[in-house]
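> would you be able to build a 3D model of this:
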Amino acid sequence: QVQLVESGGGLVQPGDSLRLSCAASGPNLGLYTISWFRQAPGEQREGREGVACIDANNSIWYEDAVKGRFSISRDNAKNMVYLQMNGLKPEDTAVYFCAADWGCYEAAVYDYWGQGTQVTVSS
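Residues are numbered from 1 along each chain as shown. Just a heads-up that it's a prediction; the model follows:
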């Protein structure tokens, strides 16, 4: 059983930065792919959008809208995954979730989720 806890969200202005953290616990964490998803206001769970993922070999994928602004990294010694978000835009406003599975997949595939952390970008 994998448990995930996100932190680091908040209210920021356009152009600001935030670093989200995902603390993981459970067996064989280093083997999992960890992904960040976001759920925009008014969207249902099924509409969660993949933002970035990092697999056990540190191969990384980014959604087009965040390329060049967001950076995902992992520290296996600390069982942590981070999402550095720079140049935030109002359209980045969402609840951000981390999730664990064996690859970068659509949200419906993932069994392990954190509780989410709210990111609001507003002037």
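> name the nearest residue to the residue nearest the centre of the chain, ignoring sequence neighbours.
By C-alpha atoms, centre = their mean, the chain has its centre lying nearest to Trp36, at 2.2 Å. Closest residue in space to Trp36, ignoring its immediate chain neighbours: Val51 at 4.4 Å, by C-beta to C-beta, 6 or more residues apart in numbering. Quick note: C-beta positions are derived from backbone N, CA and C, even for glycine.
> the helix or strand harbouring the one you found: how far from the chain's middle?
Using DSSP states H and E, Val51 maps to strand 49-54. Centre-to-centre, strand 49-54 and its host chain are 6 Å apart (C-alpha atoms, centre = their mean, to the nearest Å).
> going forward, begin numbering at 58 instead of 1
Okay, using 58 as the starting number, the last item reads as strand 106-111.
> output that strand as PDB - backbone C-alpha positions only.
C-alpha atoms of strand 106-111 as PDB (Å, rounded to 0.1, in the frame of the first residue of the first chain):
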ATOM      1  CA  GLU A 106      -5.200  16.500 -16.300                       C
ATOM      2  CA  GLY A 107      -1.800  14.900 -16.300                       C
ATOM      3  CA  VAL A 108       0.900  17.600 -15.700                       C
ATOM      4  CA  ALA A 109       4.200  15.700 -15.400                       C
ATOM      5  CA  CYS A 110       5.500  12.300 -14.400                       C
ATOM      6  CA  ILE A 111       8.800  10.800 -13.600                       C
END
